[in-house]
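Visitor: can't give you the sequence, but here's the structure:
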C-alpha cells in the first residue's frame, strides 16, 4: 500500500510525464505558419472570443476587419469576465511559457506588453522552431482540405489528415463539386466517377504521408448502409447540378460517407469520427463560436458502419459530454472503435476526468488515445496537453495506485501507452 | 503552490462564505407568512413527505385533512427510513439552528419537543424576522400567480416574480381565462386582446418590483417560433371556449410563450426557464411529490428562442441531472443563456458538485447564478444554501487552488460573483 | 468533526465491511456446478474474452470447440492488453485468493501454473464449498429458464429466480411455444390458456423458493398498458404459428409482459427490470460479447407500469451509465421503484461511485439494493463485491463522514441496510 496521498502521487507522476515529447494526433495547425506571429493569433482563438462574447462583448470588437492589435486591446477589456475558465488558464500559461510574462492577469494593463513580446513577425519561421522545441513536440497532425496540395512542409512533423466534411455534407453544393473536379482533373458526374475521384484524393494524401481520414458529423446523421442502386440517381442529379430533395441529400451523404469508409478500408487509414456538432446554431456568434450540439445522440446509430468495416479503425470523439460513457462501452466491445481524446465542449477538466477514469478502468489499454490539442496555433499544444497530463496523473494516482495498489512504474507505462504508443500505432503509416 | 490539503482549504473558504448574506433568486415563499409557525410547515415540505411515502408511508398519514400535529407525529415514525438523505440533513439543521434541538434524530422520541418548540403562532410575524436575521438573508424572490395583487409586504426583501405556467400551459382551460379576464378587467378573445392583457400583467408586476418572469416547461415542449397567422384561429377558438385539437393546443402554448418572451424583451425582464417536469406522472403520490421527468431533452429545441431574443436573459434550470453538461455548453456560447442554480432532482450534492465544477471551469464567471433555495418556508433557505456553499468551497479548493494554483482571495471573489453579484445584476430592477 | 482523512476512514470502514457475509441477489451461477473446475471457466468469463477480442484477439482463439487449456493459453497471450481494467483486477484477485497465485500478472509465463492450480475436477463439489466459505457467502440468486425443473440443489443457498425474456420477447417463435407447452403440459393457444400456463410456471417457481421474476428489456420497449381485446387476435395468431406483423409483435410483447406483472402482483414476487440491452448488435463478437445499448432511454416510458402495479416492487438496473441519475429520481418518488446494483456496462468503478453517492444522498435507505455479482462462476462474487464494498466505504467516508459529520456506527448501519437487510427484505419469501 502506497503511503503517500493521492495528490502527492499525482504530483510525482506529473513531474515525470510532463517531460515526455508530445504526440498530437489532431489539430488545425497551418503548417506554413504554425506558431503565432502576433499575439492576436493567440487571443483570436475562438475559445476566448466566444467566451468573451458570451460574457457580453459585442462581436464587432473582434471583427476580422480590425487590425490585430486593436482586436487584442478590445478583447483584453473583457478577459476578466472569463478568467475563471480553464481556457483562460491556457492563455496565462502561453503568456508565461512563451512570452516571459510575469503579470497576474492578461488584461488592459498588460496587453501592450504582450502585443510587443508576441510580435514574432521579424523572427519568422525560427519562432515556429522555438515553440516546437519548448513544447517538446514529436508530431502534430493537421486537418487538410481534400484539395490541399500538401507541399511545402515536413510531413513527418506536420502529418497530413484528409478532412472530408465538405465531400460528405456539401457534395450537393456547386462549390464542392467545382473544387473536386478542379483538383482531380476529372468530371465527376455519377457514383462511378465519384469513386474514381475520391480514389485519386486518397492516392494523393497517402502519397504525402496522410495517416487518417476525418470528418465531423451532425447529431442527426445515422450512417446506415446506403442502398447504392437507389442512391445512384439522386447522386447523379446532385453531381450534375439538378435539384435534390432533403431525403435525397441525406441519402447522398450516407452514400459518400460509405464510399469514404470503403477507401479507408482499402488504404488502411483510420477514419476519425467527430460526432455531434450542429453547425451555425447561433448565427450571431463570433467566428468559430456558432456551433453547439443536441445531446440526444447514440453510437447505436453507427452499428451498421462498425460491423461492415471490421478492418477500419474508427477513433471516435463525441461532442456531448454526457455521451462519453456510451463511448466507453462501444470501445470495450467493438475492436475497431477507439476513444479519441476529449473534444471541444467535452474538453473541460471535470468531463475529461470522468471520461478518462472510465476509460482507464474499462477500455483495453492499447486502445485509448489520450489526447489531441485541436489547436490552431502551436502555442496551445503545450498548455492543453498539460491540462490533460495533470488529469491523467490524478486519475492514475486515484484509480490505479490508491484504489488498486499499482506501482509507479505501471502507472507510467500506462501513461506512455495512452499518450504516445497508441496514437503512434493506431495512426501508423498505412501500407507499412 | 498551496501546502494545505483540499479539505483544509475548503473548510477555510466555507468558514468565510457562510458568513455572507444570502441572495435567493427563486423560492415559493408566501410573503404574508414566510416562516413556519408550526413544525408541520417544516415537515410538510414535499421532500419529506414524498421520500417517506416512497419508503412505504401511506399517503393518508400526511393528508391535509389531518390536524398539523398529527401529521407531524405520523411522519416522524417514518423518518428513520430517509435519515441518509441530504434532505433529512436539512431538517436536522433547521431543528438545531432554529429550534435549539439537541437530539440525534428527528423521530417519534423527539417529535413532541419539536412540535412544542416549533409552535410560533403566538410569536407571529416576529418569528419571520428572527428567521430572516438568523439566516442573514438579503433578498428572497417569490413565485407569484399572474393575478397576485402583490401588496402587503416589503417587495425589496420579498421580490415578486411573474409565474406564467398557467398562461402558457393552461390557457385553453376556462379557469385560466376567467382569472385573466377578472384580473385585467378585459375580455380576452384573440391574440390582440391577449397581448393587451399580458401587457397589463407586465405593467402590474414591474410596477410592483418584479425582477423576473418564470415558467416551468414539460420535456416535450419545443419553443419553435410560432406561425402567428396560423395560430390566431385556434387561439381565438380556445379563448372563446371552443374545442381545440392537441396539435392546436401545442401551437397555442408556443404562441403564448413567444408573446411572453416578447414582453420580457420589452420590459427587460429575465425569463427563467425551468425545463423538464412531467406533471402528475404519479397521481397516487403525496401532494408535491407526483412529478418527474423524461431525461431525453435537449436545449437544441430552444435555438429559435435564444436566437430570436438576444436581449432577453434566460436563466435556465434543467431538471434531469444528466442534462447539466449541455447547459454548460449553451451558456458558454449564447450570451443570453445563463445557468441558474441546481434544481429539484438535480439539487443533490453529487449532481451539484459535477455541474458546478464544469460551470466554474467553462462558463464566464459573470454568468453563473450559483444557487436558489426553491423553499416554501424561510427556514429552508439557510440549510440549502449551506449545502451549496460547502460544495462551492470544495469546488474552489479542488479546481482552483489545487489544480490551478489560485490564491484564496481569487476564490472568494469568484464565490462573491456566483453567490451575490451575478444574481443581483442579472435580476436587476428593469428599466434602471 | 472527524479528524481523519477520507481515505483513512474509508479504509477502516472497508476493513469492517469486507468481513460480512455476502448476500447476492442476481447471478447466472449454475447451481449444479457453481464453482470453476477448470481455470478456463474463470478466464472464459465474457468480460475477458470480449475485452481481449476488442484489443485485437481473433475470436476463434477462444472458440468453444477448442479444449479448455488451449483456450486459456491463447487468451493468456492477450491479457497484457487489458491489464489496466477493473475486470482484470478481479481476475488477479481470484488467482490470489482461490489459487494461491503469487505472480505479478496472469499471462503466458504464469498460465500453466494457473491451469494446474485451477484444476478442481478431482476435488469436485467440495471445491464449491471451499469457494462458498472462503467468499463468506450467505445466499446467491440464480437466473432460471421458465422450464427449469428447479431440483437438485439447496434452494435456500442458491435461490431460484424466474427469467422471462423468452416468454416476452420470443413468444412468437415456435421454439418458445414448444418449450412452454412441453413444460406445462398445456396447449397454449390464446390469452386465456397463456395465462393458465404462466400461472403454472409461477406456482412451480414459488413452490421451489423463487424470490423474483426477472427480465431484460431492449431500449425501445415501452410497457404501455396493452389493449387486451385488440391484442388477443394477434396473440392467438402467434400462438398458433401464423404470421404476425412487427407492430403486432410489439403488442404481443407488451401483453405478455403485462400479464407477468399481474402474476408478480398475485404471487408477491418482485419484478427485476434490467433495462437497455440491444442484443447481437455486434454479431462477430465473442460469445457473450455481442450486446450493447442505445443510451436514449427513459423511465418515463415505464410510468403506466409503475402506476398500474403499486404493490409490485420493481428492482431496476439500467445499462446505460448516464441513465443512473434518472433512476435515482424515480426511486425517490415511486414507492415500488428501487435501484438495483450496478449492471454490466455501468459496473465500472467511476460509474458505480457516481450512482452510489447519489443514491446514498437521495434515495430512502431502506430501498437501496447495493450490489449483485451477475457472476457465472462462484469465484467472481467475492472480487466483484469487494470492488463495490470498497467504493461504498469511500462514499460513506466522503458523503457521510466528511460532508455530513456522521459517526462510524451510522455508516456501518447504512452499509448493512444497503448490502444485506434491503435485499433480504425486498426479496423475502413471498406469501410469508
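Guide: Sure, I can see it. Every value quoted in this text rests on a predicted model; they were computed, and no experiment measured them. Numbering: from 1, shown residues only, chains lettered A, B, ... in the order given.
Visitor: list the contacts for the closest residue to chain C within the stretch 151-300 of chain A?
Guide: Closest to chain C within the stretch 151-300 of chain A is residue A:300: 3.8 Å, counting by C-beta to the nearest C-beta. All C-beta atoms are positioned from the backbone trio N, CA, C, and that covers glycine. Counting by C-beta atoms under 8 Å, 6 or more residues apart in numbering or on different chains, residue A:300 makes contact with C:219, C:278, C:281, C:292, C:293, C:294, C:295.
Visitor: got the residues of the stretch 151-300 of chain A near chain C?
Guide: Within the stretch 151-300 of chain A, the positions near chain C by C-beta under 8 Å from any C-beta of the partner chain are A:296, A:298, A:299, A:300.
Visitor: now do the contacts for the residue of the stretch 51-200 of chain A found nearest chain B.
Guide: Per C-beta to the nearest C-beta, the residue of the stretch 51-200 of chain A with the smallest distance to chain B is residue A:55, at 3.6 Å. Contact partners of residue A:55, counting by C-beta under 8 Å, 6+ apart, are A:78, A:81, A:82, B:335, B:364, B:366, B:367.
Visitor: which residues in chain A form strands?
Guide: A:22-24, A:137-141, A:158-159, A:162-163, A:213-217, A:271-275, A:277-278, A:292-293, A:314-318, A:337-339 (DSSP state E).
Visitor: tabulate the ones you listed (TSV), appending mean pLDDT and mean neighbour count.
Guide: Shown next, in TSV, are the strands of chain A (pLDDT from 0 to 100; neighbours: other C-beta atoms under 10 Å in any protein chain shown):
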stretch	mean pLDDT	mean neighbour count
strand A:22-24	98	24
strand A:137-141	98	21
strand A:158-159	98	24
strand A:162-163	98	26
strand A:213-217	98	23
strand A:271-275	98	25
strand A:277-278	98	20
strand A:292-293	98	28
strand A:314-318	98	26
strand A:337-339	98	25
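Visitor: ok so, going back, what is the nearest of the contacts of residue A:300 to chain B?
Guide: Comparing those against chain B with C-beta to the nearest C-beta places residue C:295 closest, at 9.5 Å.
Visitor: need the pLDDT of that closest one.
Guide: Listed pLDDT for residue C:295 reads 98.
Visitor: next: residue A:58.
Guide: 98.
Visitor: what's the domain layout of chain A?
Guide: Following automatic domain parsing, chain A resolves into domains at A:6-36+A:141-426, A:38-119.
Visitor: and for the residue in the stretch 51-200 of chain A that chain C sits nearest to, the neighbour number?
Guide: Residue of the stretch 51-200 of chain A nearest chain C, by C-beta to the nearest C-beta: residue A:86 (20.4 Å). When neighbours are defined as other C-beta atoms under 10 Å in any protein chain shown, residue A:86 has 22 of them.
Visitor: now do the contacts for it.
Guide: Residues near residue A:86 by C-beta under 8 Å, 6+ apart: A:348, A:349, A:387, B:361, B:362, B:404.
Visitor: pLDDT below threshold where in the stretch 1-150 of chain A?
Guide: Counting by pLDDT under 70, the stretch 1-150 of chain A has low-confidence residues at A:1-2.
Visitor: which residue ranges of it form helices?
Guide: Under the criterion DSSP state H, counting those that start in this stretch, the stretch 1-150 of chain A contains helices at A:6-17, A:39-43, A:46-54, A:68-76, A:86-99, A:111-117, A:125-134.
Visitor: again, but for the stretch 301-432 of chain A
Guide: Counting by DSSP H, counting those that start in this stretch, one finds helices in the stretch 301-432 of chain A at the ranges A:303-308, A:324-333, A:349-362, A:381-395, A:403-404, A:408-416, A:422-426.
Visitor: mind putting those helices into JSON lines with mean pLDDT and mean neighbour count?
Guide: Output for the helices of the stretch 301-432 of chain A, formatted as JSON lines (pLDDT from 0 to 100; neighbours: other C-beta under 10 Å):
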{"stretch": "helix A:303-308", "mean pLDDT": "98", "mean neighbour count": "19"}
{"stretch": "helix A:324-333", "mean pLDDT": "98", "mean neighbour count": "25"}
{"stretch": "helix A:349-362", "mean pLDDT": "98", "mean neighbour count": "25"}
{"stretch": "helix A:381-395", "mean pLDDT": "98", "mean neighbour count": "24"}
{"stretch": "helix A:403-404", "mean pLDDT": "92", "mean neighbour count": "20"}
{"stretch": "helix A:408-416", "mean pLDDT": "98", "mean neighbour count": "18"}
{"stretch": "helix A:422-426", "mean pLDDT": "98", "mean neighbour count": "20"}
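Visitor: now tabulate those helices in a markdown table and tack on distance to chain C.
Guide: Formatted as a markdown table, those follow (distance: least, C-beta to the nearest C-beta, whole Å):
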| stretch | distance to chain C |
| --- | --- |
| helix A:303-308 | 5 |
| helix A:324-333 | 4 |
| helix A:349-362 | 4 |
| helix A:381-395 | 9 |
| helix A:403-404 | 6 |
| helix A:408-416 | 6 |
| helix A:422-426 | 11 |
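Visitor: out of these, nearest to residue C:186?
Guide: Comparing the helices of the stretch 301-432 of chain A against residue C:186 with C-beta to C-beta, the closest turns out to be helix A:303-308 (39.2 Å).
Visitor: need the contact list for the most centrally placed residue in chain A.
Guide: Nearest to the geometric centre of chain A sits residue A:374, at 3.8 Å (C-alpha atoms, centre = their mean). Applying C-beta under 8 Å, 6+ apart to residue A:374 gives the contacts A:26, A:27, A:28, A:341, A:343, A:344, A:347, A:384.
Visitor: grab the nearest non-local neighbour of the first one.
Guide: It stands for residue A:26. Nearest non-adjacent residue to residue A:26, counting by C-beta to C-beta, 6 or more residues apart in numbering or on different chains: residue A:372, 3.6 Å away.
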